[in-house]
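Asker: Dropping the sequence and predicted coords here.
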Amino acid sequence: MVKLDSLERFLTVKLMFFSLPIFILVGLLWWQLQLNWQWLIVSEFLLCLLVVWFIAVIKLKVMRSYTRASLHLDAIVQEDYHQFAKAPFNKGKVKQFHQQLSALSEHLQDKKSHYDQHMFLLYQLIEQLDSPVLIFDSKQQITFGNKAVYHLFKTPWQLLRHKTA
């Protein structure tokens, strides 16, 4: 039994399986018309080429949809919410999937915009404080400070940026 562990393999095997009756029909037609065996070989060879081409076209069309979706997801991971993968089909599940992916991008963009607005307001408030305030990232490096930091260290916080605690 052939293991169908990938979509590409699944499409290839299933499409070949469904093209098998065509080969049988050509053989029966050859038998009914009582043509010589050279015609059978030539027709089966041409049919084989046609089936291989047909399988390649179908696989390309289906896989292109996944490739586009993958590129869209990569853009989301990079927080680039303006990249949209155009669906290769105008209707159906693939179109619906791409629409959901686009809706996810828009939703994440809205969340990021709200977060950025809140952070901007927070930084403005911190800037107004008389007490020195430093903000550190997850690597314990300075990412922001207010004007009062200058009075503590006698150097602007920007020169301390990316220094560890």
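Answerer: Okay, I see it. Residues are numbered from 1 along each chain as shown.
Asker: Let me see the ranges of the strands in this protein.
Answerer: Applying DSSP state E to the chain gives strands spanning 134-136, 142-145.
Asker: State the distance from the closest residue in space to Lys59 that isn't next to it in sequence to Leu60.
Answerer: Take Lys59 and drop its neighbours on the chain: the residue closest to it by Cβ to Cβ, 6 or more residues apart in numbering is Leu11, 5.1 Å away. C-beta coordinates here come from the backbone N, C-alpha and C atoms, glycine included. In this view, Leu11 and Leu60 are 10 Å apart by Cβ to Cβ, to the nearest Å.
Asker: neighbour-wise, which of those two wins?
Answerer: Leu11 (17 against 11; other Cβ atoms under 10 Å).
Asker: from what I can see the more buried one touches Val62, true?
Answerer: Yes. Applying Cβ atoms under 8 Å as the test, Leu11 and Val62 come out as touching, 6.4 Å apart.
Asker: For these two, list the residues in contact with both.
Answerer: The overlap between the contact sets of Leu11 and Val62 (Cβ atoms under 8 Å, 6 or more residues apart in numbering) is empty.
Asker: From Asp116, how far out is the spatially closest residue to His72 that is not a sequence neighbour?
Answerer: When the adjacent residues along the chain are set aside, His72 lies closest to Ala85, with 3.7 Å between them (Cβ to Cβ, 6+ apart). Distance, Ala85 to Asp116, using Cβ to Cβ: 24 Å.
Asker: Looking at the two now, which is surrounded by more residues?
Answerer: Neighbour totals were compared for Ala85 and Asp116, and Ala85 leads with 21 against 10 (other Cβ under 10 Å).
Asker: rewinding a little: for the residue nearest to Lys59, give its distance to Phe23.
Answerer: According to Cβ to Cβ, Leu11 and Phe23 sit 19 Å apart.
Asker: Can you get me a residue count around Lys59?
Answerer: Using other Cβ under 10 Å, Lys59 is surrounded by 17 other residues.
Asker: Who are the contact partners of it?
Answerer: Counting by Cβ under 8 Å, 6+ apart, the residues that Lys59 touches are 8, 11-12.
Asker: Name the nearest residue to Leu104, ignoring sequence neighbours.
Answerer: Distances taken as Cβ to Cβ, 6+ apart place Ile76 nearest to Leu104, at 7.0 Å, with adjacent residues excluded.
Asker: swap in Trp39?
Answerer: For Trp39, ignoring the flanking residues on the chain, the nearest one in space by Cβ to Cβ, 6+ apart is Trp30 at 6.5 Å.
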